[in-house]
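**Q** my questions concern the predicted model and sequence given below.
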Amino acid sequence: MNAVALGPILMPLPCLYALAAALALLAGVLGYALRCAEAKPGGRWQGLAHTALLTLSAGGLGLVFAALLPPATHSGPTTLPDITLEDLDGNAVALAELPGAAGPERDTPIIVHLWATGCPPCRRDMALLAELGGRRDVRVASINQGEDLLPAVRYLDNTTPGAPAFDIVLRDPQQRLMAAFDATRLPLTLLLDARGRVQKRRAGELNQATLARWLGR
């Protein structure tokens, strides 16, 4: 996975390298400007102007780095990647089979929600999605990102008492789904049609209006 997890944030390696380079450059030019100012005690204002100019130059270079990187809003794949995860009981579940996994009578759209315990908006999203439990016109797949089994189970017990509130609960300890969809933070919510094609994507917290619009209410 070409990314580094920083809590609920997944930073692609190119972004991390660009950030490190920009910070190193900024530190270097500031140090150089300060040395120039110390070497000319009588030219205080000249030194400050020099520092400001070099800082702006470093910022401009950082913007160039950012412009060369892939956009953070990249839509990602149009279907779920062909990977296998585990449910809370350790059973293997192939993501590509999720849309029709429950048989023809449940051949319905599915909402895929990526979350982690250190993500406050995830808790609010999950409370909202838990209200869909028991509906026959949509299913919800709740997929934990980057965590061990015990913290995920405790979080679910506290967030959605009276579980199971979701049709499917899976674990993705290596955050492969976040990487596949170029997600840099959580939560991430996807709406898939009955054939498993991604129809909608929401990066960040859901709200009732968005969910109602997705479900055609």
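**A** That came in fine, so what should we check first? Numbering: from 1, shown residues only.
**Q** switch to C-alpha atoms for all contacts and neighbour counts from now on
**A** Noted.
**Q** surely Asp172 touches Asp148?
**A** No - Asp172 is beyond contact range of Asp148, at 9.2 Å (criterion: CA atoms under 8 Å).
**Q** looking at the two, which is more packed in?
**A** Asp172 (21 against 12; other CA atoms under 10 Å).
**Q** how close does the more buried one get to Ala141?
**A** Remark: distance between Asp172 and Ala141 (CA to CA, to the nearest Å) = 12 Å.
**Q** same check, this time on Tyr155
**A** Counting by CA to CA - Tyr155 and Ala141 are separated by 16 Å.
**Q** who's more crowded, these two?
**A** Taking neighbours as other CA under 10 Å, Tyr155 and Ala141 compare with Ala141 leading, 19 against 15.
**Q** need the next SSE after the helix or strand hosting the more buried one, C-terminal direction.
**A** If you go by DSSP states H and E, Ala141 is part of strand 139-145. Using DSSP H and E, the next helix or strand after strand 139-145 towards the C-terminus is helix 149-159.
**Q** let me know the angle separating the very next helix or strand once past that next one from strand 139-145.
**A** Downstream of helix 149-159, the next assigned helix or strand under DSSP H and E is strand 168-172. Computed by axes from the mean of the first three to the mean of the last three CA atoms, to 10 degrees, the angle separating strand 168-172 from strand 139-145 equals 20 degrees.
**Q** so what touches strand 168-172?
**A** Around strand 168-172, the neighbours that count as contacts under CA atoms under 8 Å, 6 or more residues apart in numbering are 85-88, 140-147, 149.
**Q** ok, that strand: who's next to it in the sheet?
**A** strand 84-87 (antiparallel), strand 139-145 (parallel) (DSSP bridges).
**Q** show me which residues of the first one are buried.
**A** Same thing as strand 84-87. Leu85, Glu86, Asp87 (16 or more other CA atoms under 10 Å).
**Q** need the residues you listed in JSON lines with distance to Thr184 and pLDDT, can you?
**A** Shown next, in JSON lines, are the buried residues of strand 84-87 (distance: CA to CA, whole Å; pLDDT from 0 to 100):
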{"residue": "Leu85", "distance to Thr184": "20", "pLDDT": "97"}
{"residue": "Glu86", "distance to Thr184": "23", "pLDDT": "96"}
{"residue": "Asp87", "distance to Thr184": "24", "pLDDT": "95"}
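**Q** dump the residues you listed into TSV; add distance to Ala194 as well.
**A** Below are the buried residues of strand 84-87 laid out as TSV (distance: CA to CA, whole Å):
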residue	distance to Ala194
Leu85	20
Glu86	22
Asp87	21
